[in-house]
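Undergrad: coordinates for the following, if possible.
(2 chains)
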Amino acid sequence: DTGVSQNPRHKITKRGQNVTFRCDPISEHNRLYWYRQTLGQGPEFLTYFQNEAQLEKSRLLSDRFSAERPKGSFSTLEIQRTEQGDSAMYLCASSLRLQGTPYNEQFFGPGTRLTVL
Amino acid sequence: KNEVEQSPQNLTAQEGEFITINCSYSVGISALHWLQQHPGGGIVSLFMLSSGKKKHGRLIATINIQEKHSSLHITASHPRDSAVYICAVRLLSSEKSSGDKLTFGTGTRLAVRP
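TA: This next block holds a predicted model:
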């Protein structure tokens, strides 16, 4: 499978615990996006990377959230001291964006569903 | 008010019916996506539009830039079309930040009965 993959697919944790999710984008894609989707809502932007650089972060991304893309390939999203309000589907998407070229579509992973008890 | 509004929120149809889902947006955009999300969460991109009309199989997507409106049509609907359909836009303002982040509608939940 050469699409975007995410692990784990499901995570149940207790309030106060730390969790980490992983996203593996399509291999040649230089842009990687994290979105969060709560029940019954559309996804909301969290952050994005161009290669290893984190270029934008949403105000939704509190200081308990941190994302990395250390080698410009896979990315991790960590949530520290989880709260019940963090329960959501965390979606990753990737795209190829070269300088001077038009916008290309994003390809989404299957998501990681987080439940905080 | 959300920047991207979809209607209807929920739609039930009989197999074979022609279905239309609408998306309106209030800001300048450079591209609009129609996405399909099945139970379990995975999102599949159906169309990316910046003008005109696109067709793929039984699916047709249109966009009117002047009216800031897009429609997704499903002809001869089938139970396997049951899913949430989400409209998402790339804002023109995203170009300033050099990002291509998407802004999403809340989705239209479609159920097609046999």
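
Undergrad: can you dump the C-alpha atoms of stretch B:106-114 in CSV for me?
TA: Provided in CSV are the C-alpha atoms of stretch B:106-114 (Å, rounded to 0.1, in the frame of the first residue of the first chain):
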residue,chain,number,x,y,z
THR,B,106,-19.5,19.8,8.6
GLY,B,107,-20.5,17.2,6.1
THR,B,108,-23.6,15.7,4.7
ARG,B,109,-24.6,12.2,6.0
LEU,B,110,-26.1,10.2,3.1
ALA,B,111,-28.0,7.0,3.6
VAL,B,112,-29.2,5.2,0.5
ARG,B,113,-31.9,2.5,1.2
PRO,B,114,-32.2,-0.6,-1.0
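
Undergrad: buried ones in that stretch, by neighbour count?
TA: B:106-110, B:112 (16 or more other Cβ atoms under 10 Å in any protein chain shown). No exception for glycine: its C-beta is placed from N, CA and C like everyone else's.

Undergrad: how near is the residue sitting furthest away from the middle of chain A to A:Ala53?
TA: The centre of chain A is farthest from one residue, A:Gly100, which by Cα atoms, centre = their mean lies 25.7 Å away. In this view, A:Gly100 and A:Ala53 are 18 Å apart by Cβ to Cβ, to the nearest Å.

Undergrad: residues contacting the residue nearest to A:Tyr35 when sequence neighbours are not counted?
TA: Ranked by Cβ to Cβ, 6 or more residues apart in numbering or on different chains and with sequence neighbours excluded, the top spatial neighbour of A:Tyr35 is A:Pro43, at 3.9 Å. A:Pro43 is in contact with A:35-37, A:89, A:91, B:43, B:86, B:88, B:102, B:104, counting by Cβ atoms under 8 Å, 6 or more residues apart in numbering or on different chains.

Undergrad: let's see that with 10 Å instead.
TA: A:33-37, A:88-91, A:93, A:108, A:111, B:35, B:37, B:43, B:86, B:88, B:102-107 (Cβ atoms under 10 Å, 6 or more residues apart in numbering or on different chains).

Undergrad: you'd agree A:Tyr90 is in a strand?
TA: Yes: assessed with DSSP: H, G, I helix; E, B strand; the rest coil, A:Tyr90 lies in a strand.

Undergrad: beta partners for it?
TA: For A:Tyr90, the beta-bridge partners are A:Arg36, A:Thr112 (DSSP bridges).
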